[in-house]
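*Asks:* Using only what follows, build the 3D model:
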Amino acid sequence: MKKIDNMTVTQIKEYIVTRQKEEYPDLIPMLKEDHRAAVKKIGQNLEKKTAARDQEVQRIEKMKSIESGYYDQGILNIGGIDEVGRGPLAGPVVTCVIILKPDSSRLYVNDSKKVSKKSRENLCEQLLEDAVDYAIGQVDCDVIDNLNILNATKKAMTDSLAKLSVKPDLLLIDALHIDTDIPQKAIVHGDATSYAIAAASIVAKVYRDNLMQIYHEEYPEYGFDHNMGYGTAEHIKALKKYGPTPIHRKSFIQNLGLK
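*Replies:* Residues are numbered from 1 along each chain as shown. Next comes the predicted model:
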């Protein structure tokens, strides 16, 4: 590792960019002990950044603890399943089942609602790179109205399972039990506590959000590009003014006293 005494602040910043994260613990003390205030500040910021990353690594390891226990038993093809879109007034309920390679450990994977749009999209790409197999299930409003949202969600999950090329050895599901011969474990708040379920929630969310963008182009009055079909004040106002579209859930609209 180079000595930083004769390097300018700009050179130090450029040098840090070229270093591996494993080198930071040796580099940070050198920066913090430098006589220049600007360099000390770089060291302090790098220390905070490293601590935050270490904390995130530990969080992901904790999220993977359920899966790791099964991996240790030789159960490798674990399918995480989650849904997106149970609550909206419009659009389908979407589910994803994803089987990840055991070594997948993408930082910042979490319940999709806790992840920014940009991060979700980046993570979705990374998770699909890590996938042994995955599939999407989609159940539209007419089926939701006929079955009710709970049964429609379960149908979307079983539909997604039927599309897989690789049969899971085990399913981890966010707080539901579905009709399948595959062993399954329901986990309350699974999208925040299980890596596989959180991954499924992210992929399902990105898929559904993209679909709602398409619906927005067809029905621009309802703000689907940002409310994703949920019952915002703007959305309900548009419903009262323009009436429902073919993608609105009649049973949900009736619950709000709308026709």
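*Asks:* just the helices in the protein please.
*Replies:* 9-18, 24-32, 37-63, 65-72, 117-130, 141-147, 149-163, 190-193, 195-218, 224-227, 233-242, 250-255 (DSSP state H).
*Asks:* Please identify the most buried of those helices.
*Replies:* Comparing the helices of the chain by mean neighbour count (mean count of other CB atoms under 10 Å), helix 195-218 comes out on top with a mean of 23. C-beta here means a position set from N, CA and C on the backbone, and glycine is covered the same way.
*Asks:* Using CSV, write out every CA atom in that one.
*Replies:* In CSV, the C-alpha atoms belonging to helix 195-218 read as follows (Å, rounded to 0.1, in the frame of the first residue of the first chain):
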residue,chain,number,x,y,z
TYR,A,195,-33.7,-13.4,2.0
ALA,A,196,-35.5,-15.6,-0.5
ILE,A,197,-38.9,-14.1,0.2
ALA,A,198,-37.5,-10.6,0.1
ALA,A,199,-35.9,-11.4,-3.3
ALA,A,200,-39.3,-12.6,-4.6
SER,A,201,-41.0,-9.4,-3.3
ILE,A,202,-38.5,-7.3,-5.2
VAL,A,203,-38.9,-9.1,-8.5
ALA,A,204,-42.7,-9.2,-8.2
LYS,A,205,-42.8,-5.5,-7.4
VAL,A,206,-40.6,-4.5,-10.4
TYR,A,207,-42.7,-6.6,-12.7
ARG,A,208,-46.0,-5.2,-11.5
ASP,A,209,-44.7,-1.5,-11.4
ASN,A,210,-43.6,-1.9,-15.1
LEU,A,211,-47.0,-3.3,-15.9
MET,A,212,-48.8,-0.4,-14.3
GLN,A,213,-46.6,2.0,-16.3
ILE,A,214,-48.1,0.4,-19.4
TYR,A,215,-51.6,0.7,-18.1
HIS,A,216,-50.9,4.4,-17.3
GLU,A,217,-50.3,5.0,-21.0
GLU,A,218,-53.7,3.5,-21.8
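*Asks:* quick one: that helix to helix 117-130, angle?
*Replies:* Angle, helix 195-218 to helix 117-130, by axes from the mean of the first three to the mean of the last three CA atoms, to 10 degrees: 120 degrees.
*Asks:* To residue 184, which of the helices of the chain lies closest?
*Replies:* Ranking the helices of the chain by proximity to residue 184 (CB to CB) places helix 149-163 first, at 10.0 Å.
*Asks:* so where's the stretch 151-259 of the chain shaky on pLDDT?
*Replies:* 258-259 (pLDDT under 70).
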